[in-house]
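[1] Pasting the sequence and the predicted model now:
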Amino acid sequence: MEIKISEGDFAHMGVYQEKESIVFTFEAEKNDTCSIVLISEKDCKNIKIDIPDEYSLGSIRSVRIKGIKPYDFSYYFMVNGRKRMDPYATAIKGREIWNDAERKKSDYEIYCKIANQKFSWKDDHAPEILKSDMIIYKLNIRSFSMDLVSGRKECGTFKAVMRKIKYLKELGITSLLFMPVYEFEEMNIPPKVEIPEYAKNKTKIAQKTDEMVQKTDKVNMWGYGDGNYFAVKASYAYDPKNAASEFKSLVKKLHENNMECIMEMHFMDTANHNLIIEALRFWVKEYHVDGFKLIGDNLPVTAIVQDLLLSRTKILYENFDLSSVPDGRTCENLYIDKEEYMYPARKVLNHMNADMKELLDQQRKQGDGYGFINYIAGNNGFTLCDLFMYNDKHNENNGEDNKDGAVWNFSNNYGVEGPSNKKYIKSIRRLKWKNAMMLLFLAQGVPAVMAGDEFENSQSGNNNAYCQDNETGWVNWKNERKNRKNIQFLKDLISFRKKYPIISNPKPFKFCDYKTTGYPDLSYHGSSAWISQFDLDRMCVGTMYCGEYSSDNKEYVYIAYNFYSYREMLALPKLQKGKKWYKIADSSRNENIFSYDAAPSKDQQFVQMEPQAVCILIGK
């Protein structure tokens with residue numbers, strides 16, 4: 001093989017093909033000794049190519065190599081005698097099998113590769129779901145699909161997730177939020193310990209060394225931590241050699257169903273800001289990704305907000321400096337994503353330092369342009385089912401003496417820690433689950449559901465299942481068959497939200513009659529209409545949304561919340577002549593929670609609320 005080298009192109013980091021040459025560009029100082037090591041895919045032989053120091057610009061070294069083909073080798077860099085992985089590598093060799101114990105034999109070595117990015121997107125286009133229409137469903141590729149179909153080799157892969165797109169579409173989901181799907185190290189690799197020659201025969205030191213390298217078999221299920229941010233995780237693919245193509249097929253199928261792909265990206269504090277922005281751009285250009293949830297404390301958020309290529313890509317983060325949005329640009333693609341909805345909702349649901357005013361502020365929370373993401377349960381903390389089944393966390397199997405995970409969860413077991421066959425306890429837990437879902441989907445912000453919460457998936461009280469690659473951490477799809485009523489209820493709830501867009505109004509409510517309809521856009525009501533009492537212990541309130549402020553359905557919506565443990569009466573505002581109130585939903589009902597063909601309410605002045613219930617009335 002005749003290899004020729006010349007100076008490369010400093011404009012693009014990483015490795016790419018340019019006509020008959022391959023260009024390698026990486027970080028290195030001019031006085032560093034650098035080389036590229038190519039490993040042949042055919043015979044595993046190594047070819048070392050030294051890179052002249054004159055092929056430098058700033059802190060970048062770039063070389064163009066002619067005489068090699070892009071998919072015939074894997075590679076790594078050598079800088080001053082030390083192996084260095086390419087942070088811009090588009091594929092990783094060595095992690096094709098999830099948690100592969102055989103890797104120990106090769107000292108857990110991994111190498112870089114060039115992914116084959118050929119793919120026919122045809123007429124693919126981004127759905128660009130409006131924030132008022134978004135319904136997010138968060139999942140981990142492996143835990144979501146490992147228990148999906150017993151015995152199938154495709155479990156734990158993109159291919160398995162594709163099988164459930166129809167189910168998610170019918171549920172009403174618009175946007176899938178994937179936990180990390182880029183390459184990360186799932187194995188807990190023992191640290192390398194070099195024993196001095198004089199100490200090798202000393203028993204105590206040898207024993208201590210053995211203790212240092214002995215690790216548990218825990219795996220990093222969730223993928224948080226340092227990663228290879230330009231490479232699709234090979235072990236998530238049915239055919240690891242074609243991981244890039246499989247993930248593209250998943251994104252394409254989502255788009256065909258008018259659904260979005262949003263990726264979680266967890267960057268360490270030391271991550272290069274240029275790399276972060278280039279990674280986001282790469283996934284948008286190469287994989288047609290629709291959005292990112294950014295995780296990390298030292299991120300170039302301002303630069304991301306101002307990036308022209310990302311201006312229509314949804315960015316979810318805990319906070320933004322909105323003054324950094326360029327003139328003439330909207331902030332419609334920005335979403336504040338943090339736990340500020342979760343705790344007020346949990347406190348009210350489980351009667352723990354509850355504050356109804358705090359909850360109502362969250363129910364009508366919306367930005368002028370930017371949006372908010374709401375959730376009551378996620379991967380961190382209890383599942384929604386476990387939130388009403390356990391007082392305390394049960395993380396003993398994590399191997400950390402139950403010291404990991406949040407200590408205070410605002411949870412309640414309602415009399416029995418864990419599962420119970422007592423009819424009363426099962427009934428109150430299901431009521432709490434329904435109330436939680438109604439709170440979430442009747443709030444103005446974007447609702448986000450964790451995979452399995454739609455059919456009361458449990459993790460047996462483990463509130464930090466990051467290492468539970470087993471039935472504890474996997475979504476139990478047997479529950480889907482047992483909880484058809486729950487799934488139908490959630491379908492009805494999502495359908496209601498879509499039928500009455502005033503609920504998810506994209507603009508903040510003003511609490512005044514700025515359209516001179518005779519009613520404010522949003523109003524609160526207590527035991528008397530138009531008079532709301534927000535004492536610290538007040539746990540019952542009615543909220544009315546004036547349909548005249550909706551661009552679509554003009555019917556009025558009255559949502560009544562009663563979190564007392566006894567019946568309560570709430571006043572109904574008097575409607576315009578000819579209109580009447582119809583009670584169409586009540587969480588206290590065991591069957592047919594939603595009923596659109598209900599007769600007008602007998603009492604048009606008050607609605608009687610059952611204990612711990614959420615009701616919906618329509619004025620038409």
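    Looks like it arrived, so ask away. Residues are numbered from 1 along each chain as shown.

[2] Run through the neighbouring helices and strands of the helix or strand harbouring residue 159.
    Per DSSP states H and E, residue 159 falls inside helix 158-162. Based on contacts counted as 3 or more C-beta pairs under 8 Å, 6 or more residues apart in numbering; DSSP states H and E, the elements that helix 158-162 packs against are helix 141-145, helix 243-256. For glycine as for every other residue, the C-beta is placed from the backbone atoms N, C-alpha and C.

[3] Report the buried residues of whichever helix or strand comes after it.
    Once helix 158-162 ends, the next helix or strand along the chain (criterion: DSSP H and E) is helix 165-171. Going by neighbour count (16 or more other C-beta atoms under 10 Å), the buried part of helix 165-171 is 165, 168, 171.

[4] strands paired with the helix or strand following helix 165-171, and their directions?
    Downstream of helix 165-171, the next assigned helix or strand under DSSP H and E is strand 175-178. Next to strand 175-178 in the sheet, as set by DSSP bridges, lie strand 136-139 (parallel), strand 260-266 (parallel).

[5] So what's the residue count around residue 500?
    The number of residues packed near residue 500 is 20, by other C-beta atoms under 10 Å.

[6] meant to ask about residue 431
    21.

[7] Quick check: it touching residue 587?
    Yes: shown here, residue 431 and residue 587 form a contact pair, counting by C-beta atoms under 8 Å, at 6.4 Å.

[8] Could you tell me which residues touch both of these two?
    Taking C-beta atoms under 8 Å, 6 or more residues apart in numbering as the criterion, residue 431 and residue 587 both touch residue 613.

[9] was I right about residue 499 contacting residue 553?
    Yes: shown here, residue 499 and residue 553 form a contact pair, counting by C-beta under 8 Å, at 6.3 Å.

[10] in stretch 613-620, what's buried?
    613, 614, 615, 616, 617, 618, 619.

[11] hey, C-alpha coordinates of that stretch in PDB?
    The C-alpha coordinates for stretch 613-620 follow below in PDB (Å, rounded to 0.1, in the frame of the first residue of the first chain):
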ATOM      1  CA  ALA A 613     -60.600  14.600  43.000                       C
ATOM      2  CA  VAL A 614     -60.000  16.600  39.900                       C
ATOM      3  CA  CYS A 615     -63.000  17.500  37.700                       C
ATOM      4  CA  ILE A 616     -63.400  19.100  34.300                       C
ATOM      5  CA  LEU A 617     -66.500  21.000  33.200                       C
ATOM      6  CA  ILE A 618     -67.200  22.500  29.800                       C
ATOM      7  CA  GLY A 619     -69.300  25.600  29.300                       C
ATOM      8  CA  LYS A 620     -71.100  25.500  25.900                       C
END
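
[12] ok, and what's touching that stretch?
    431, 434-435, 438-439, 442, 496, 544, 547, 555-562, 572, 575, 579-588, 601, 607, 609.

[13] which residues of the stretch 151-300 of the chain score low on pLDDT?
    Applying pLDDT under 70 to the stretch 151-300 of the chain flags the ranges 151, 194-216.

[14] make that the stretch 501-620 of the chain, sorry
    533-536.

[15] please redo it, this time with the cut-off set to 80
    Low-confidence segments of the stretch 501-620 of the chain, defined by pLDDT under 80: 532-537.

[16] ranges for the strands of it?
    Assigned by DSSP state E, counting those that start in this stretch, the strands in the stretch 501-620 of the chain fall at 522-525, 540-545, 556-562, 568-571, 581-586, 606-609, 613-619.

[17] Ok, the stretch 301-450 of the chain next?
    Here the stretch 301-450 of the chain has its strands, by DSSP E, counting those that start in this stretch, at 314-317, 334-337, 371-374, 446-450.

[18] if we can go back for a sec, pick the most deeply packed of the helices and strands packed on helix 158-162.
    Sort those by mean neighbour count, taking mean count of other C-beta atoms under 10 Å, and helix 141-145 sits at the top with a mean of 25.

[19] C-alpha coordinates for that one, PDB please?
    Extracted in PDB, the C-alpha atoms of helix 141-145 (Å, rounded to 0.1, in the frame of the first residue of the first chain):
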ATOM      1  CA  ILE A 141     -33.100   2.800  24.500                       C
ATOM      2  CA  ARG A 142     -32.100  -0.300  26.500                       C
ATOM      3  CA  SER A 143     -34.300  -0.200  29.600                       C
ATOM      4  CA  PHE A 144     -37.400   0.700  27.400                       C
ATOM      5  CA  SER A 145     -37.000  -2.200  25.100                       C
END
